[in-house]
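Novice: A predicted structure for the sequence below; I have some questions about it.
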Amino acid sequence: MKTRKLKFLAFLLFISVSFTNSFAQGCSDAGFCSVGNGFKGHEENMKNSVDIGVVYGVAEEGVTVFSQYLTYTRDVTEKFAISAKLTSAIANGDFGTRGNIGDVFLTGNYKFKNKFSDLEGAKTWSLLFGVKIPLTGANDKINNVSLPMAYQASLGTFDFIGGVSLTYKKWDFNTAVQIPLSDNKNSYISNSLITDKFATTNLFERKSDVLFRTTYRLKTTNEKFTFKPNLLFIYHLGEDSFENIFGQRETIVGSDGLTINGNLIVSYKLNKKSYLETSLASPFVVRKERPDGLTRGLTLGLSYKVNF
């Protein structure tokens, strides 16, 4: 049985690596894709956790993105947790190198605890709700020239995030929606004399996303390692648009639709309080057009979490 499980994990890793030459939406946002993470890994009445991480991503047209984040989570009660997350990113490509702070995520997680919740195999439901607050208008420039969205540290929009999670035995199921409540201030206009490989995103208007993720958790006998292969489905609910040089709004044909990513997360328990976690993700299915700059052919992540 153990051999079968190890072969299954190796197969998922092989599939992920095999798709690294494709491109897909890396995720709507780091916060959006980590929906449902409240109440995880706390032991001996430790109610606080700090998570610091870095993510290396290969984006479109040779752009490489190095992202960082810092998260603080507090279990206010047995049923309610709050979280604050700060992000930043540095992008490098033919346009040059540009870095900036990104967003602040403020979220709450409410868990419906029942009398069987502590039993093996019990079902646990939880709700997540919150906002993403941009710390930049997504209009960073080099030499006073606006950069494509692939170089921006944030989508530059104020978003609402809401979701539902179910934990059952070794399975986690998450579904969520991210709704932009504002547009960004990007002013990049594609120029064929320089390059037309990036979509025009002048006064970019982005549609909402719906996410569904399923995760399987497998621990080693000594419980030091936890393997979490998962599939992430993101459906972009409409075609994005921009304002052209004549002040007219144009839709970006093919910017709606489905993205499917495969992801393998490996967590190592250092002690009762702290963990190291690595992740590898790449796409299976892509949208035809991805003007938001979230395109990733491959992402590699490393994080450290401590509970106290």
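Specialist: Arrived safely.

Novice: Point out where the protein drops to low pLDDT.
Specialist: For the chain, the stretches with pLDDT under 70 are 1-44, 114-122.

Novice: As a quick check, tell me the outermost residue of it.
Specialist: The outermost residue of the chain relative to its centre, with distances by C-alpha atoms, centre = their mean, is Phe246 at 34.8 Å.

Novice: and that residue, what is it in contact with?
Specialist: With contacts defined as C-beta atoms under 8 Å, 6 or more residues apart in numbering, Phe246 has no neighbours. (Each C-beta comes from the backbone N, C-alpha and C, glycine too.)

Novice: Next one: it from Asn184, what distance?
Specialist: Here the criterion is C-beta to C-beta, to the nearest Å. By it, Phe246 lies 20 Å from Asn184.

Novice: ok, back up a step: is the residue farthest from the centre of the chain in a helix, a strand, or coil?
Specialist: What DSSP: H, G, I helix; E, B strand; the rest coil gives for Phe246 is coil.

Novice: cool, Thr201 as well?
Specialist: The three-state label given to Thr201 by three-state DSSP is coil.

Novice: for it, what are its contacts?
Specialist: Contact analysis of Thr201 by C-beta under 8 Å, 6+ apart lists 148-149, 186, 188, 242, 291-293.

Novice: any idea how far Ser255 is from it?
Specialist: Separation of Thr201 from Ser255 (C-beta to C-beta): 11 Å.

Novice: Identify the contacts common to the two.
Specialist: Counting by C-beta under 8 Å, 6+ apart, the contacts common to Thr201 and Ser255 are Pro291.

Novice: Glu60: what's it in contact with?
Specialist: 23, 150, 197-198, 290, 295.

Novice: any idea which of these has the most stuff around it?
Specialist: Within the contacts of Glu60, most neighbours by other C-beta atoms under 10 Å means Ala150, with 28 neighbours.

Novice: Doesn't that residue belong to a helix?
Specialist: Yes - counting by three-state DSSP, Ala150 is found in a helix.

Novice: which residues sit in contact with it?
Specialist: 59-61, 63, 65, 91, 93, 198, 293, 295.

Novice: Could you tell me how many residues sit around Ser187?
Specialist: Ser187 has 19 neighbouring residues, counting by other C-beta under 10 Å.

Novice: What count of nearby residues applies to Val50?
Specialist: When neighbours are defined as other C-beta under 10 Å, Val50 has 14 of them.

Novice: for Val58, that is, sorry about that
Specialist: For Val58, the neighbour count with other C-beta under 10 Å is 19.

Novice: Same question for Thr221.
Specialist: Neighbours around Thr221, by other C-beta under 10 Å: 7.

Novice: same deal with the one 10 residues further on?
Specialist: Leu231 is surrounded by 15 other residues when neighbours are defined as other C-beta under 10 Å.

Novice: Surely it touches Ala281?
Specialist: No - using C-beta atoms under 8 Å, Leu231 makes no contact with Ala281, being 10.4 Å away.

Novice: joint contacts of the two?
Specialist: Shared contacts of Leu231 and Ala281, defined by C-beta under 8 Å, 6+ apart, are found at 261-263.

Novice: Distance to Thr77, secondary structure and neighbour count added to these, as JSON lines?
Specialist: As requested, the shared contacts of Leu231 and Ala281 are arranged in JSON lines below (distance: C-beta to C-beta, whole Å; DSSP: H, G, I helix; E, B strand; the rest coil; neighbours: other C-beta atoms under 10 Å):
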{"residue": "Asn261", "distance to Thr77": "34", "secondary structure": "strand", "neighbour count": "25"}
{"residue": "Gly262", "distance to Thr77": "36", "secondary structure": "strand", "neighbour count": "21"}
{"residue": "Asn263", "distance to Thr77": "31", "secondary structure": "strand", "neighbour count": "21"}
